[in-house]
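S.K.: Prediction below, plus the sequence it came from.
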Amino acid sequence: MAEQGEIALTVNGAERRVPSTWGEETLLDTLREQLGLVAAKYACGIAVCGACKVHVDGSPVNACRVRTADVSGRSIRTLEGLAEGGLHRLQRAWIVERVPQCGYCQAGQLMQAAALLASSPDPRDEEIRAAMAGNLCRCGTYERIRRAIRRAAREAGVAGTPSRG
């Protein structure tokens, strides 16, 4: 329970508190500046690039457009909390497929991909394209991202073939 003058947030499974003066700040700023969770990045600031993507109650959201006060009492997951005890299967697939180049967008890409696999464990290529459309990559690694998502699905033991149409 938060004390007066504080906002209680559940971040990566742990209760965290921030001063209530941060209620009007974006969730992205609060995560980075108050809680030291810096994987989500500030890029466009208008929710079109996806670099700041986190999960709120299991759904992907652009943290640059959500007020901290609006997520009080809700479950927030960042890239830092994606895996428990080691790398998440998506992170392993990202490495094998050599997805990152500059790396700036990768936290948002991974969080969006994790939400996709949670809702559709064996996504078809068109599902992957549609789900990932709101995440921009200036380096253009989109095909590697799709391969990594398919690899992660296979690793979970649900996809039977390397690529589905």
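M.R.: In hand now; what should we look at? Residues are numbered from 1 along each chain as shown.

S.K.: tell me the domain boundaries of the protein?
M.R.: Partitioning the chain according to automatic domain parsing yields domains covering residues 6-81, 89-155.

S.K.: Now the terminal residues of the longest one, how far apart.
M.R.: This points to domain 6-81. Counting by C-alpha to C-alpha, to the nearest Å, you get 23 Å between the two ends of domain 6-81.

S.K.: The nearest residue to Ser120 once chain neighbours are set aside: which element?
M.R.: Counting by C-beta to C-beta, 6 or more residues apart in numbering, the nearest residue to Ser120 once its immediate chain neighbours are dropped is Glu127, at 5.6 Å. C-beta coordinates here come from the backbone N, C-alpha and C atoms, glycine included. According to DSSP states H and E, Glu127 maps onto helix 125-132.

S.K.: now do Leu90
M.R.: For Leu90, the host element (DSSP H and E) is helix 89-96.

S.K.: Just after that helix, pick out the following helix or strand.
M.R.: On the C-terminal side of helix 89-96, the closest following helix or strand by DSSP H and E is helix 106-119.

S.K.: what packs against that following helix?
M.R.: Identification of packing neighbours for helix 106-119 by 3 or more C-beta pairs under 8 Å, 6 or more residues apart in numbering; DSSP states H and E yields strand 53-56, strand 59-62, helix 89-96, helix 125-132, helix 142-155.

S.K.: elements contacting the longest one?
M.R.: What that stands for is helix 142-155. Counting contacts by 3+ C-beta pairs under 8 Å, 6+ apart, helix 142-155 is packed against helix 89-96, helix 106-119, helix 125-132.

S.K.: okay, those helices in CSV with distance to Glu24 next?
M.R.: Below are those laid out as CSV (distance: least, C-beta to C-beta, whole Å):
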stretch, distance to Glu24
helix 89-96, 33
helix 106-119, 23
helix 125-132, 31
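
S.K.: Glu80 is nearest to which of these?
M.R.: Comparison of the helices and strands packed on helix 142-155 against Glu80 by C-beta to C-beta identifies helix 106-119 as nearest, at 8.9 Å.

S.K.: And the closest one, what's buried?
M.R.: Neighbour-count burial for helix 106-119, counted by 16 or more other C-beta atoms under 10 Å, picks out 106-117.

S.K.: wait, Glu15 sits on Ile7?
M.R.: No: judged on C-beta atoms under 8 Å, Glu15 makes no contact with Ile7 at a distance of 10.9 Å.

S.K.: So which of those two has more stuff around it?
M.R.: Ile7 (20 against 10; other C-beta atoms under 10 Å).
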